[in-house]
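**Q** Requesting a structural model of the entry that follows:
(2 chains)
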Amino acid sequence: MNTIMEIDNVEKSYGTAQILNHCSLQLYEGEIYGLLGINGAGKTTLMKMILNLQKIDNGRIYILGKEISEDYRYLQNIGSMIETPSFYEHLNAYELLSMQLSYYGKKADIEKIIQMVGLEEVDKKPISKYSLGMKQRLGIGRAIIHNPKLLILDEPLNGLDPVGISEVRTLFKSLTREGMSILLSSHILEEVRQTSDRIGILSDGSVKEEFSTSQKAAEWGADFERYVIKLMRRNSYESV
Amino acid sequence: MNLYRLEMMKIRISTYLKAALGICAGLWCLGILFLFIFLLESPADPESVELFSQWDGLFALISALTFSTHSVFAACLSSGIIIGEYFGKNAPVLLTFPIQRKSVLHKKCLIICTVTIAAAFFCNVTTMGMMYIASKLFRITPQMLTKHFVLTVFLASILTGAAASALGIISCLAGWQKQSQTATVIASLVIICFITNWIALFPCYIVPVMLLMSIVLAAIAVMIYNILTKKLENLEV
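**A** Residues are numbered from 1 along each chain as shown, chains lettered A, B, ... in the order given. Down below sits the predicted model:
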């Protein structure tokens, strides 16, 4: 399998607080990688470093074989949704996605993306009128509109109803079948289990455990959640 | 130009246009009021109304007001489209576009300059136009309007806009340091308190004064722009 992204011994600290400490991780083509960790583990920080929103103290990150450095052009291959998505609320969905495409210098079927994320009934309404779930869907649409090779999603299922969660899960699966790779973090363990091909537990600044979701889910069955929580607790206790 | 258009799409420009028209309306009223000051029959201090008795003096006063109001206007614009963007919730999206960060900042500064210069020019010229019409209607200004003065109005109005837009960018540095849109506006208010009076000090030399002021403020604005560019490259969200 081709490696889409490689995080190699990355470190990051804020003052005296070490957030990431020799963190390494690999993401393969067409894979969904679920990143789990307790609050403050560094999941969002890691994602921001991939997106050049935070500087890397030490270590390297490679996207499609090239190290990300001062060359912003690698961002062409990445779509992202970090934290709660924010928009220019006087625009409507169509205008926003059109603007997004223009920034990437690409063309796409905007109507098709709007349909994929289930916003066809409100695409001409100003975003100020959208509910939280609609904004979340629009955030996903904005992340995928330019057909990136890598998607970075931080809590993509926040605010979605069960139908929305199911639709988005189906969407992610179809995107990976087309070759897109997804790194997502979520607090909804069941959704990470159903969506991800592999799961990584981020603890004490690095990925302490990594496993195939289907294998572990088959091994642990109904106790899978208990197994993951135990892993997360064990690693966080070990750090104390 | 495409990036300029994209940045313009993000701004609710109608809000700023309404603000600019509001400033205009205020200055039109003030300008007409200034004309009537000359009509005071027994002013306590005749020298104090001398400024209002000539078109040069009136224009200097109006230019000073245009400069100060549009400097704050430019500061509001820059606080919204620079400080509000880079320290607001849209920053993660803005900074993950595959575009040089400084290119986006450059276009934002260009928007501030073009909108402010256009607004200030329109305001200054239309205010003088309103005053001229009022003076004809009420026959209250003794001095004849000359072609030279009309040219002075156009030139000085452009320079007033340029100076105001430069000040808008300069005040952005305070906003960036404090990561506050309010600080940007307050910085502009503080700066105009010190420099606005210079415009009305030499009413007969308004163009050289505005030219000098524009050059100095533009030079400072360019320095501030370079500082902001360096800060932007290292900005973490």
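**Q** contacting residues for the residue in chain B that chain A sits nearest to?
**A** Chain A sits closest to B:K89 of chain B, with a gap of 3.4 Å, by CB to the nearest CB. In this view, the C-beta of every residue, glycine as well, is placed from N, C-alpha and C. The contact partners of B:K89, by CB atoms under 8 Å, 6 or more residues apart in numbering or on different chains, come to A:84, A:86.
**Q** element containing it, please.
**A** B:K89 belongs to no helix or strand when assigned by DSSP states H and E.
**Q** now A:I152
**A** Using DSSP H and E, A:I152 falls within strand A:150-154.
**Q** All the helices of the chain, residue numbers only.
**A** Just going to use chain A. Assigned by DSSP state H, the helices in chain A fall at A:43-50, A:93-104, A:110-116, A:132-144, A:162-177, A:189-195, A:213-220, A:224-239.
**Q** Correction: the question concerned chain B.
**A** B:2-10, B:13-37, B:55-78, B:84-86, B:91-94, B:101-138, B:147-178, B:181-195, B:197-201, B:206-233.
**Q** Just send those back as a markdown table, with distance to A:E89 too.
**A** Shown next, in a markdown table, are those (distance: least, CB to CB, whole Å):
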| stretch | distance to A:E89 |
| --- | --- |
| helix B:2-10 | 11 |
| helix B:13-37 | 13 |
| helix B:55-78 | 18 |
| helix B:84-86 | 13 |
| helix B:91-94 | 13 |
| helix B:101-138 | 19 |
| helix B:147-178 | 22 |
| helix B:181-195 | 17 |
| helix B:197-201 | 39 |
| helix B:206-233 | 24 |
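**Q** mean pLDDT for the ones you listed: which is lowest?
**A** Of all these, the minimum mean pLDDT falls on helix B:197-201 (a mean of 84).
**Q** picking that back up, and the residue of chain B closest to chain A, what pLDDT?
**A** B:K89 is given a pLDDT of 91.
**Q** residues in chain B within reach of chain A, list them.
**A** Residues of chain B found near chain A (CB under 8 Å from any CB of the partner chain) are B:2, B:6, B:9-10, B:12, B:88-93, B:95-101, B:234, B:236-237.
**Q** circling back: quick one: strands adjacent to the strand holding A:I152?
**A** On the basis of DSSP bridges, the sheet neighbours of strand A:150-154 come out as strand A:78-81 (parallel), strand A:181-185 (parallel).
**Q** Quick one: closest of the helices of chain A to A:E31.
**A** Minimum separation from A:E31 across these (CB to CB) falls at helix A:162-177, 6.7 Å.
**Q** Would you indicate which residues of the closest one are buried?
**A** For helix A:162-177, the neighbour count (16 or more other CB atoms under 10 Å in any protein chain shown) marks A:164-165, A:167-169, A:171-172, A:175-176 as buried.
**Q** what's the answer for stretch B:220-232, then?
**A** B:220-221, B:224-225, B:228-229, B:232.
**Q** How about the residues of chain A by chain B?
**A** Taking CB under 8 Å from any CB, the part of chain A that reaches chain B is made up of A:48, A:51-55, A:72-76, A:78, A:80, A:82-88, A:90-91, A:95, A:99, A:102-104, A:142.
**Q** Just the buried subset of these, please.
**A** Buried by 16+ other CB under 10 Å: A:48, A:51-54, A:72, A:74-76, A:78, A:80, A:82, A:85-88, A:90-91, A:95, A:99, A:102-104, A:142, out of those.
**Q** Quantify the burial of B:T114 by counting its neighbouring residues.
**A** Residues near B:T114, counting by other CB atoms under 10 Å in any protein chain shown, number 14.
**Q** go on, the one 5 residues further on?
**A** As a burial measure, the neighbour count of B:A119 was computed by other CB under 10 Å and equals 26.
**Q** Now do the residue found closest to it once you drop the neighbours it is linked to in the chain: how many residues are near it, please.
**A** Counting by CB to CB, 6 or more residues apart in numbering or on different chains, B:A20 is the residue found nearest to B:A119 once chain neighbours are left out, at 4.0 Å. B:A20 has 22 neighbours, counted by other CB under 10 Å.
**Q** again, but for A:A222
**A** Number of residues near A:A222 (other CB under 10 Å) recorded here: 7.
**Q** Find me the pLDDT at it, would you?
**A** On the pLDDT scale, A:A222 is placed at 86.
**Q** any idea how far chain B is from it?
**A** For A:A222, the distance to chain B equals 38 Å [CB to the nearest CB, to the nearest Å].
**Q** how close does that residue sit to A:R233?
**A** Distance, A:A222 to A:R233, by CB to CB, to the nearest Å: 19 Å.
**Q** Ok, A:T176 next?
**A** Distance, A:T176 to A:R233, using CB to CB: 30 Å.
**Q** now B:I206
**A** Applying CB to CB, the value for B:I206 to A:R233 is 74 Å.
**Q** quick one: which of these two has more around it?
**A** For B:I206 versus A:R233, neighbours defined as other CB under 10 Å are more numerous around B:I206 (24 against 12).
**Q** The more buried one contacts B:A64, correct?
**A** No - the pair formed by B:I206 and B:A64 falls short of the contact definition of CB atoms under 8 Å, at 9.6 Å.
**Q** ok so, going back, closest to A:Y130 out of the helices of chain B?
**A** Closest among the helices of chain B, using CB to CB: helix B:91-94, at 16.0 Å.
**Q** Show me what the closest one is packed up against.
**A** Applying 3 or more CB pairs under 8 Å, 6 or more residues apart in numbering or on different chains; DSSP states H and E, one finds that helix B:91-94 contacts helix B:84-86.
**Q** What is the helix it packs on packed up against?
**A** helix B:91-94.
**Q** what sits against residue 75?
**A** You didn't pick a chain, so chain A it is. Contact analysis of A:L75 by CB under 8 Å, 6+ apart lists A:51-52, B:96-98.
**Q** um, chain B though
**A** B:167-168, B:171-172, B:184-185, B:187-189.
**Q** Identify the residue spatially nearest to it, adjacent ones excluded.
**A** In this structure, B:A75 finds its nearest non-sequential neighbour in B:S188, 3.4 Å apart by CB to CB, 6+ apart.
**Q** neighbours of the one you found, just the number please.
**A** Other residues near B:S188 number 27, with proximity taken as other CB under 10 Å.
**Q** correct me, but it touches B:G168?
**A** Yes - with contact defined as CB under 8 Å, B:S188 reaches B:G168; the gap is 6.6 Å.
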